[in-house]
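Q: build the 3D model from these lines:
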Amino acid sequence: MIVIPFPKRTYVRPAEPCLVDLLPRYEAALTGSKRRPRGVKLYVWLIRRVIATLPPDATMADLDAAAAQRYQEQLGARCASATVENGLYGIRRFCLWGIREGLRADDPTEGLEWPRVTISAPVRLRDSQIVELLRLIRTVPAGLTYLQRWRWKRNVRAVYLMLYAGLRLAEAAAILWKDIDLEARELTVRSEAAKGGDERRVAINARLYAALSAVPEEERVDAAGVIPATYVGKPMSFKGLERVFDRWGPVAETVHAHQLRHAFATRMHRRGIPVRTIQSLLGHKSLETTMRYLGIDPQDAADAVEVLDW
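A: Have a look, this model is predicted:
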């Protein structure tokens, strides 16, 4: 018998990919799961922030429980509990994706003591504040240029979409003219723009209808934003609309965008609209969330204690 010797083969284990190199795959997976573009950017940004605290060539093995603990401590020293929770959730989501991809076997945040996040009652707008806001924005100041007047009217539409349709700031920023059906007096919040991904339809209030109808037809191009960054342009970004509320005279430092959505809900509640209807219009999956929105109106609380007349 002839024995033919074969050279010994050595198995070279492929080098583990760096965390930075995994980000495009992670982003593609988030996009493939049909998450909102803003949500995809947020999750990628959250994990980038974590990776920045690790060595440049860090791999999944370096993102262990100790690293997650250190990151939690760093955030906790300078940030609120909600921010710390978001940071840990960013790590968890990335690592769960890594488990599904066979890149790791554990979730390093599982054994951590997550911060206790308390939910504060929203600061509600009084009726007098809303009346004053509407008075200020409904009159276009004299002496403005054509562009300044155009921006003013666009900003008014943003306020109306939140106050009269209950849209979130990001939803108002993303809505297109193709989502507006003036004949049926109905607008659609598309799934890619809605928080939670559930499409919903909202009837258009008479005052909102008047504001939308006043927009020249040449600006109402299907693909154009109802709140565009430029004339007949793409929708304004979430950050761009946020800056409008931070800098635009009539609302800056007096009204937060989300307060308008709260006012939309509480006004209907006080006028006797069923909570389930309000929940549907707001796009809440949980009735508990809607009830937290409504809370107890100060006037209702005052009226309640006045019945104690013995």
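Q: how does the protein divide into domains?
A: Following automatic domain parsing, one finds the domains of the chain at 19-100, 127-296.
Q: closest to V307 out of the ones you listed?
A: domain 127-296 (14.8 Å; CB to CB). C-beta: built from backbone N, CA, C; applies to glycine.
Q: helices of this protein, start to end?
A: Under the criterion DSSP state H, helices of the chain are mapped to 19-32, 37-51, 65-76, 81-100, 127-138, 146-163, 169-174, 206-213, 238-247, 257-270, 275-282, 287-294, 298-305.
Q: looking at it, S191 is touching R201, isn't it?
A: No - taking contact to mean CB atoms under 8 Å, the distance of 11.9 Å between S191 and R201 leaves them out of contact.
Q: between the domains of the chain, which gets nearest to A304?
A: Comparing the domains of the chain by their distance to A304 (CB to CB), the top pick is domain 127-296, with 8.3 Å.
Q: got any ranges where this protein has weak pLDDT?
A: Counting by pLDDT under 70, the chain has low-confidence residues at 1-14, 119-122, 296-299, 301.
Q: list the residues that contact the spatially most central residue of it.
A: Among the residues of the chain, A170 comes closest to the average C-alpha position under CA atoms, centre = their mean, at 5.6 Å. With contact taken as CB atoms under 8 Å, 6 or more residues apart in numbering, A170 is in contact with 38, 193, 195, 238.
Q: redo that, cut-off 6 Å
A: By CB atoms under 6 Å, 6 or more residues apart in numbering, A170 lies in contact with F238.
Q: count of neighbours near the closest residue to G196 other than its chain neighbours?
A: Here the nearest residue to G196 in space, its sequence neighbours aside, is K285; by CB to CB, 6 or more residues apart in numbering that works out to 5.8 Å. Per other CB atoms under 10 Å, the neighbour tally for K285 reads 11.
Q: now K285: how far from K195?
A: Taken as CB to CB, to the nearest Å, the spacing of K285 relative to K195 amounts to 9 Å.
Q: verify the contact between M268 and T277 for me.
A: No - with the criterion set as CB atoms under 6 Å, M268 and T277 do not qualify as a contacting pair; they are 7.7 Å apart.
Q: more neighbours, these two?
A: For M268 versus T277, neighbours defined as other CB under 10 Å are more numerous around M268 (18 against 12).
Q: do you know how far the more buried one is from V215?
A: Counting by CB to CB, the separation of M268 from V215 is 26 Å.
Q: try R138
A: The spacing between R138 and V215, counted by CB to CB, is 16 Å.
Q: more crowded one of those two?
A: Here R138 and V215 are set side by side on neighbour count (other CB under 10 Å), and the busier one is V215, at 17 against 12.
Q: for that one, what are phi and psi?
A: Phi and psi for V215, reported as degrees, to the nearest 10, are phi -70, psi 130.
Q: look at stretch 100-118 and report the distance between its end residues.
A: Start and end residues of stretch 100-118 are separated by 32 Å (CA to CA, to the nearest Å).
Q: give the contact list for Y293.
A: Applying CB under 6 Å, 6+ apart to Y293 gives the contacts 262, 265.
Q: so what's the residue count around T230?
A: By the measure other CB under 10 Å, the count of residues near T230 is 13.
Q: could you measure from it over to L147?
A: T230 sits 10 Å away from L147, going by CB to CB.
Q: so A193 is in contact with L169, correct?
A: No - under the criterion of CB under 6 Å, A193 makes no contact with L169, lying 11.2 Å away.
Q: how many residues are close by L125?
A: Counted with other CB under 10 Å, the neighbours of L125 add up to 21.
Q: ok, now L282?
A: Counted with other CB under 10 Å, the neighbours of L282 add up to 21.
Q: before we move on, what about R185?
A: By other CB under 10 Å, the residues close to R185 number 14.
Q: and the closest residue to it other than its chain neighbours, how many neighbours?
A: Taking CB to CB, 6+ apart, and ignoring the residues beside it in sequence, R185 has I204 as its nearest neighbour in space, at 4.4 Å. The tally of other residues near I204 (other CB under 10 Å) stands at 22.
Q: could you do R154 as well?
A: Each residue near R154 was counted by other CB under 10 Å, and the total is 21.
Q: now it. Nearest residue, chain neighbours left out?
A: Ranked by CB to CB, 6+ apart and with sequence neighbours excluded, the top spatial neighbour of R154 is I227, at 6.0 Å.
Q: how close does the one you found get to A165?
A: Spatial separation of I227 from A165 under the definition CB to CB is 12 Å.
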